[in-house]
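Student: After the sequence you'll find the predicted model.
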Amino acid sequence: MGGAAAPAAPGHGSPSRRSNGVPRMLSPRRAGRAALSTAVAVSALAGGLALGTGSATAAAPTITSVAPHLVAALTANQIITVTGTGFSEDVIADVSVTGCTTDPVYIVSSPTSLLLKTAADCAAGTNAVVTLKDDQGATLVASTPNSATATVAAAHKLNFVAAPTISAKATTHPVIQANTSAHAQSEQVITAPVGGGTTVKVTAGSTPFVNTTATPLAATLGGVPLTGIVMASGGASFTGKVGPHAAGAVALSVTSGGVTKTFSVADTDFSYAGNTITVTPAFGPSNGGNDIKIAGTGFTAGSTVTVCGTAATVKAGTTATAMTVTVPKSATTAVDGPCTVKVTTGTVSSVVTPGSTYTYVAQG
């Protein structure tokens, strides 16, 4: 049939049209949403808008659900998906979320899906409301997490939860081998063997860890899950066993209270490296001067040794698997230990096992 062709759907950053045919330029905020997902925007446009033969009157949008229901507070770039009906760039001009100082960046990915990306200023709190607005600032629709209808309330629930934190390495190593936690910080071991199986301790920062049946505590090191996680009372720390991983520094990721945060490699301050050693004998006089033998792998002529944090003298004849060292004098005349014996080759230090400790015995 003849007649005028239907107007093309507006693109991001290009003019849209009012129902009277007069061009309307998109605001910089609306045009900027293309940066969130250009591919998604193109997909949304491909779906098109339902236009009548008269004016382009869109149905009022509705919200059916919000996901995820738990989102990290004060953490940028958290993605929230709003599902519903009638979503259109021609209708929605702004989105706000209660508890967030800055409105999220958003994009209409389809007539039934809206993607939000938060700034770093969404405060911890429960039952946040997502509101869709028109270009006059009027509310089109809002989520109802406090609905009297249980199914609606559950589908619309949006809680901002305090993200997990870890201790600052300047004061407390955030990740250490668990069996060195009682040692001085300088003697704590922040490496694990590449074969896995070592139990590590992770210490919380200002926000305690949370572990419940509904939101179990979980963590990975270098993307490898920790197993057998046990949280200390009050959430100040937890322990878990590492899996195999290639040598190198790794990033820690913690899921606590239903939200996940990944820490930088620098903040994690932990790496897979080193080898286990065995010390024989594992005790001696407090004034030192006696020799001990150390068995392991990867030793070189440049390997150094500390006993309880004090440098020991490495004797000639070191091989790749064995060395002999002279034990230094203890810092105290009393029993001292068991404490760490550590072999360092280059930047790699041995890991601590029950066989790699030494005890000074008080002399009569």
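Tutor: All right, it came through fine. Numbering: from 1, shown residues only.

Student: Can you classify residue 255 as helix, strand or coil?
Tutor: Using DSSP: H, G, I helix; E, B strand; the rest coil, the three-state assignment for residue 255 comes out as strand.

Student: Next, count neighbours for the closest residue to it other than its chain neighbours.
Tutor: Ranked by Cβ to Cβ, 6 or more residues apart in numbering and with sequence neighbours excluded, the top spatial neighbour of residue 255 is residue 218, at 4.3 Å. Yep, even glycine has a C-beta here, placed from its N, CA and C like the rest. Other residues within reach of residue 218, judged by other Cβ atoms under 10 Å, total 17.

Student: Surely residue 303 touches residue 349?
Tutor: No: using Cβ atoms under 8 Å as the test, residue 303 is too far from residue 349 to be in contact (10.1 Å).

Student: Which neighbours do the two have in common?
Tutor: By the contact definition Cβ atoms under 8 Å, 6 or more residues apart in numbering, residue 303 and residue 349 are jointly contacted by residue 343.

Student: Give me the residues contacting stretch 243-255.
Tutor: Contacts of stretch 243-255 (Cβ under 8 Å, 6+ apart): 164, 166, 174-175, 194-196, 202, 209, 215-227, 260-265, 267-268, 270-273.

Student: change it to 7 Å
Tutor: Contacts of stretch 243-255 with the rest of the structure, by Cβ atoms under 7 Å, 6 or more residues apart in numbering, involve 164, 166, 175, 194-196, 202, 217-222, 224-225, 260-265, 268, 270-273.

Student: likewise stretch 275-291?
Tutor: Contact with stretch 275-291 is made by 193, 292-298, 324-330, 333, 336, 341, 343, 350-351, 353, 355-363, as judged by Cβ under 7 Å, 6+ apart.

Student: Kindly recompute the last result at 8 Å.
Tutor: For stretch 275-291, contacts defined as Cβ under 8 Å, 6+ apart pick out 193, 292-298, 315, 324-330, 332-338, 341, 343, 350-351, 353, 355-363.

Student: what's near enough to touch residue 228?
Tutor: Residue 228 touches 199, 239, 240, 241, counting by Cβ under 8 Å, 6+ apart.

Student: Just the pLDDT at the first one, thanks.
Tutor: We have a pLDDT of 94 for residue 199.

Student: List the residues that contact it.
Tutor: Contacts of residue 199 (Cβ under 8 Å, 6+ apart): 177, 178, 179, 228, 239, 240, 241, 242.

Student: Next step: those restricted to strands.
Tutor: Secondary structure of the contacts of residue 199 is defined by DSSP state E; positions in strands are 177, 228, 239, 240, 241.

Student: hmm, back to that, of the contacts of stretch 243-255, keep whichever come out buried.
Tutor: Buried members of the contacts of stretch 243-255, counted by 16 or more other Cβ atoms under 10 Å: 164, 166, 175, 194, 202, 217-222, 224, 260-261, 263, 268, 270-273.

Student: State the pLDDT value of the nearest residue to residue 144 once chain neighbours are set aside.
Tutor: Using Cβ to Cβ, 6+ apart and skipping residues adjacent in sequence, the residue nearest residue 144 is residue 156, 5.3 Å away. What the model reports as pLDDT for residue 156 is 98.

Student: I'd like the distance from residue 156 to residue 201, if you could.
Tutor: According to Cβ to Cβ, to the nearest Å, residue 156 and residue 201 sit 39 Å apart.

Student: Name the helix or strand for residue 152, please.
Tutor: Assignment of secondary structure by DSSP states H and E places residue 152 within helix 150-156.

Student: What is that helix packed up against?
Tutor: Helix 150-156 sits against strand 62-67, with contacts defined as 3 or more Cβ pairs under 8 Å, 6 or more residues apart in numbering; DSSP states H and E.

Student: Now do the strand it packs on: which elements does it pack against?
Tutor: Counting by 3+ Cβ pairs under 8 Å, 6+ apart, strand 62-67 packs on strand 79-85, strand 130-133, strand 139-142, helix 150-156.

Student: If we use 10 Å, what do you get?
Tutor: Contacting strand 62-67 under the criterion 3 or more Cβ pairs under 10 Å, 6 or more residues apart in numbering; DSSP states H and E are the following elements: strand 79-85, strand 113-117, strand 130-133, strand 139-142, helix 150-156.

Student: So which of the contacts of residue 199 wins on neighbours?
Tutor: Sorting the contacts of residue 199 by how many neighbours each has (other Cβ under 10 Å) puts residue 242 first, at 27 neighbours.

Student: That one against residue 201, yeah?
Tutor: No: with contact defined as Cβ atoms under 10 Å, residue 242 does not reach residue 201; the gap is 11.3 Å.

Student: Hmm, residue 66 is touching residue 81, no?
Tutor: Yes: with contacts defined as Cβ under 10 Å, residue 66 counts as touching residue 81 at a distance of 7.4 Å.

Student: Overlap in contacts, those two.
Tutor: Contact with both residue 66 and residue 81 is made by residues 114, 116, according to Cβ atoms under 10 Å, 6 or more residues apart in numbering.
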